[in-house]
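J.: Need coordinates for the following:
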Amino acid sequence: MKILNSENQYGLFSIAFHWVMALIILATFILGKNLEHNYQYYDDVLKFHNSFGILIFILAIFRISWRWMNIKPGATDSKKILMKIATLVHIFFYIIFFILPITGYLLTNLQGDTVSFFNYHLPDILEKNREIKRLFSEVHETIGNVLIIILILHVLGALFHHYILKDNTLKRMISLKKIN
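T.: You can find the predicted model right below:
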């Protein structure tokens, strides 16, 4: 079991970053959708949603740092257009990993709530403002929906590589065994 990436596959840290963030993103999205109609547990759901959102922000910083410090496995034998699409998808992911938590933080402040990171209250940046809150709400929700669409396309792309192209793209992200 390798901790670091090699020229052919991802190591334990990269795989863990990938899957932990995927699970946290899905949980955060589900919690966010649950906020819309869950008035009974709204405050509790909001606290978890905010905490996971901030955790995504923090993990994205560590993930980008890890990516720069560690070698990236070489490309599979995919077509150049697929490699360009994959690069764009990853760029969009990283941009969204920062934009969503920031807009969420500001949205929470604008609706008059304090952002909580696992019961640690963070400082308010903005005061309550219903007009601006509506704008941030639309932006935050739209970007969240875009993230899920990109995530679905990402999964479909991995399955395409695995079942149609029959290359090692998916295997490199799910297996710690040596891949040729």
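J.: Work out for me the element Phe48 sits within.
T.: Element membership of Phe48 [criterion: DSSP states H and E] is helix 42-69.
J.: Next secondary structure element downstream of that helix?
T.: helix 80-110.
J.: I'd like the next helix or strand past that following helix.
T.: Helix 80-110 is succeeded, C-terminally, by strand 116-117 (DSSP H and E).
J.: quick one on the thing from earlier: tell me which residues of the helix holding Phe48 are tucked away?
T.: Buried residues in helix 42-69, counting neighbours by 16 or more other C-beta atoms under 10 Å, are found at 45-57, 59-60, 63, 66. (Glycine included, C-beta is placed from N, CA and C.)
J.: Stretch 6-21 too?
T.: For stretch 6-21, the neighbour count (16+ other C-beta under 10 Å) marks Gln9, Tyr10, Gly11, Phe13, Ser14, Ile15, Phe17, Met21 as buried.
J.: quick revisit: what helices and strands are in contact with the helix holding Phe48?
T.: Contacts defined by 3 or more C-beta pairs under 8 Å, 6 or more residues apart in numbering; DSSP states H and E place helix 42-69 against helix 12-35, helix 80-110, strand 116-117.
J.: mean confidence for it?
T.: The pLDDT scores in helix 42-69 average 95.
J.: got it, and stretch 157-176?
T.: For stretch 157-176, the mean per-residue pLDDT is 88.
J.: and it, how far from the chain's centre?
T.: Computed by C-alpha atoms, centre = their mean, to the nearest Å, the chain-centroid distance of stretch 157-176 equals 20 Å.
J.: change the start of the numbering to 20 and stick with it
T.: Okay, using 20 as the starting number, the last item reads as stretch 176-195.
J.: what comes up buried for it?
T.: Buried residues in stretch 176-195 (16+ other C-beta under 10 Å): Gly176, Ala177, Phe179, His180, Asp186, Asn187, Thr188, Leu189, Arg191.
J.: Next: stretch 117-130.
T.: Ile118, Leu119, Pro120, Thr122, Gly123, Tyr124, Leu125, Leu126, Thr127, Asn128, Leu129, Gln130.
J.: For those, give me CSV that also has pLDDT and distance to Glu157.
T.: Output for these, formatted as CSV (pLDDT from 0 to 100; distance: C-beta to C-beta, whole Å):
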residue, pLDDT, distance to Glu157
Ile118, 97, 13
Leu119, 97, 13
Pro120, 97, 17
Thr122, 97, 10
Gly123, 97, 13
Tyr124, 97, 16
Leu125, 97, 13
Leu126, 96, 10
Thr127, 96, 15
Asn128, 97, 16
Leu129, 97, 12
Gln130, 94, 13
